[in-house]
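Asker: coordinates for the following, if possible.
(one chain, ligands or ions: 1)
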Amino acid sequence: MGSYDYDLFVIGGGSGGVRAARISAGLGKRVAIAEEFRFGGTCVIRGCVPKKLYVYASQFPEHFADAAGYGWTVPEARFDWQTLVANKDKEIARLEGLYRKGVEGSGGQVFQSRATLVDAHTIRIEAEDRTVTADQIMIATGGRPNPHLALPGHEHCIFSNEAFDLPELPGAIMIAGGGYIAVEFANIFHGLGVETTLVYRGREILSRFDMDLRRGLHETMEKKDIRILCHTVGEAVDRRDDGRLDVHLSNGERLVVDQAMLALGRIPNTENLGLGEAGVETGKMGEIVVDDFSRTNIENIWAIGDVTNRVQLTPVAIHEAMCFVETAFKNNPTRPDHDTIATAVFSQPEIGTVGLSEDEASTRFEEIDIYRAAFRPMRNILAGRDERMMMKLVVDRATDRVLGAHVLGPDAGEMAQLLGIAVKARLGKQDFDRTMALHPTAAEELVTMYKPSHSIRNGERVG
Ligand code: FAD
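Answerer: Got it, this is the predicted structure:
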């Protein structure tokens, strides 16, 4: 080990890479990390963090409208996009500094540079035009938006990266995609006053989530005047003489918008990384293939986070980093646990979910009971807001185990984090029933649904 410059070299200073570098350096390992853009990676710079800040920003019009029912008179509100962008920039710069400092403070060395592999132990620091060597190498280079080069006019389109920093707020936007990023941005732009159309080729937005919630969210978004066109794709985008865009849709319609955003999945950052030179195997999507311990086919090279295309979420990348440290440096081989991950869609209303959807559970279990409640949350009543909240538990009849818990409504993400503990712990419906309600909350509904709304036996709905 002593013959290498470092015990560990990490390529990519995002959620996973920074965690792996910081904790390993804290153990006294000689660690270096290279980041080609900004420390913090996708999550901090152009993902979770700015996204959530923009979600908050976009919720104010509804808060202002709801205030009247509670006796408040709110003067006419005005929104300034540039202020939001500038304040967001300040916050992510602060976090970026913390990420960097965290590594340096633990004794790690930071390179502001692109890094590539020369061979299984040698890394090129591009900005300094030199190579260094390392015993262990961690690849945590993340992913980027799918550019959809097959779309004529794709060069006129933006992606989530650019959406955060548009020079001005568009009057109208078309967002292509039906995943959580597309849905969240549709709600953000709509909330900020942008005429928004979501175009999705599938049957219903948010595949892989529970169908009840997908439909419920779809209906609510449409009631708010977000246009959603399913079974539809953008076939071409043209720049008009007035600078706006014509988006030609597969349904024959032509949308005139100021921005067209593509949110059609993400691809792993593995190009020109020297993987071939080091002999690292990649999969069909270009993702790095790893074993259960995040080790590649080359013994001393590891990969974590989005670049492995397992579960593309920040806490997962961080968890994989922690498991790597246990395995590589603490003589405690630890597999990342990807089972039962709570997640949220920060739409308006929010979705919070953990475990199996009704459809998934019905194919895997002989008989399931569905407990479902749909109601107007208290805070919407004086506000005069017609939006309903939905909660749902999916229960295995044979064992009473709660297989999935799903919430659509205010604070659903916060609830899903806590429901995640119960579902992960494989608690039974009886444990929910034995839990005293906390009144008055919306979440109390989760422990007071005593009778199934319906059951599914061998895939068929009964009762
Ligand atoms: P990244 O965070 O992408 O970091 C990779 C880093 O590597 C980047 O900084 C990149 O510049 C750098 N890099 C790449 N190649 C090289 C190289 N050759 N040399 C040096 N540096 C290199 N997840 C959630 O859990 N919750 C959310 O709400 C959420 N919202 C999201 C919203 C959006 C719009 C997006 C795009 C993503 C969101 N995610 C969310 C996903 C989350 O951001 C990612 O799962 C997470 O950032 C993955 O971490 P990572 O370490 O694998 O990669």
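Asker: all helices of the chain, in order?
Answerer: Under the criterion DSSP state H, helices of the chain are mapped to 15-26, 41-46, 48-67, 81-105, 160-163, 180-191, 211-223, 275-278, 314-329, 358-364, 378-381, 412-424, 429-434.
Asker: so which of these is the most surrounded?
Answerer: Among the helices of the chain, the stretch with the highest mean neighbour count (mean count of other CB atoms under 10 Å) is helix 15-26, at a mean of 28. No exception for glycine: its C-beta is placed from N, CA and C like everyone else's.
Asker: okay, angle between that one and helix 314-329 too, please.
Answerer: Interaxial angle of helix 15-26 relative to helix 314-329 (axes from the mean of the first three to the mean of the last three CA atoms, to 10 degrees): 30 degrees.
Asker: close to the ligand, is helix 15-26?
Answerer: Yes: counting by CB under 6 Å from any ligand atom, the ligand has neighbours in helix 15-26: 15-17.
Asker: next one: the helix or strand bottoming out on mean pLDDT in the chain to chain centre, how far?
Answerer: One helix or strand of the chain scores below all others by mean pLDDT, DSSP states H and E: strand 460-462, with a mean of 92. Remark: strand 460-462 is offset 33 Å from the chain centroid, using CA atoms, centre = their mean, to the nearest Å.
Asker: for that strand, name the packing helices and strands.
Answerer: strand 454-457 (3 or more CB pairs under 8 Å, 6 or more residues apart in numbering; DSSP states H and E).
Asker: okay, the strand it packs on in PDB with CA atoms only?
Answerer: This file holds the C-alpha atoms of strand 454-457, laid out as PDB (Å, rounded to 0.1, in the frame of the first residue of the first chain):
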ATOM      1  CA  HIS A 454     -61.000  -3.700  -0.500                       C
ATOM      2  CA  SER A 455     -58.900  -6.800  -0.800                       C
ATOM      3  CA  ILE A 456     -57.100  -8.500  -3.700                       C
ATOM      4  CA  ARG A 457     -57.000 -12.300  -3.900                       C
END
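Asker: neighbouring contacts of it?
Answerer: 358, 361-362, 366-370, 372, 397, 461-463 (CB atoms under 8 Å, 6 or more residues apart in numbering).
Asker: around the ligand, pick out the residues from the stretch 101-250 of the chain.
Answerer: Counting by CB under 6 Å from any ligand atom, the stretch 101-250 of the chain sits next to the ligand at 114-116, 140-142, 160, 181.
Asker: give me the nearest residue to the residue of the stretch 101-250 of the chain at minimum distance from the ligand, chain neighbours excluded.
Answerer: Using CB to the nearest ligand atom, the single residue of the stretch 101-250 of the chain nearest to the ligand is residue 142, 2.2 Å away. Using CB to CB, 6 or more residues apart in numbering and skipping the chain neighbours, the partner closest in space to residue 142 is residue 306 (4.5 Å).
Asker: same question for residue 9.
Answerer: Once flanking residues are discounted, residue 9 sits nearest to residue 134: 3.6 Å by CB to CB, 6+ apart.
Asker: tell me the pLDDT of the residue of the stretch 101-250 of the chain closest to the ligand.
Answerer: We have a pLDDT of 98 for residue 142.
Asker: for it, grab the count of nearby residues.
Answerer: 25 (other CB atoms under 10 Å).
Asker: ok, now which ones touch the residue nearest to residue 347 when sequence neighbours are not counted?
Answerer: Closest residue to residue 347 apart from its sequence neighbours, by CB to CB, 6+ apart: residue 187 at 4.7 Å. Contact analysis of residue 187 by CB under 8 Å, 6+ apart lists 55, 58, 221, 226, 346-348.
Asker: if we can go back for a sec, can I get the helices of the chain in TSV including mean pLDDT?
Answerer: What follows is the helices of the chain, written out as TSV (pLDDT from 0 to 100):
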stretch	mean pLDDT
helix 15-26	98
helix 41-46	98
helix 48-67	98
helix 81-105	98
helix 160-163	98
helix 180-191	98
helix 211-223	97
helix 275-278	97
helix 314-329	98
helix 358-364	96
helix 378-381	96
helix 412-424	98
helix 429-434	98
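Asker: tell me the predicted confidence for the spatially most central residue of the chain.
Answerer: Centroid check for the chain by CA atoms, centre = their mean gives residue 313 as the closest residue, at 5.3 Å. pLDDT for residue 313: 98.
Asker: over to residue 208?
Answerer: 89.
Asker: equivalent analysis for residue 1, please.
Answerer: The score at residue 1 is 52. That number is its pLDDT.
Asker: same thing with the one 4 residues further on?
Answerer: Reading off the per-residue confidence, residue 5 sits at a pLDDT of 98.
Asker: you'd agree residue 191 is up against residue 63?
Answerer: No: counting by CB atoms under 8 Å, residue 191 does not reach residue 63; the two are 10.3 Å apart.
Asker: can you tell me what sits against stretch 352-364?
Answerer: Outside stretch 352-364, the residues within contact range by CB under 8 Å, 6+ apart are 208-213, 340-344, 368, 370, 392, 394, 396, 402-407, 411-417, 419-420, 423-424, 456, 459.
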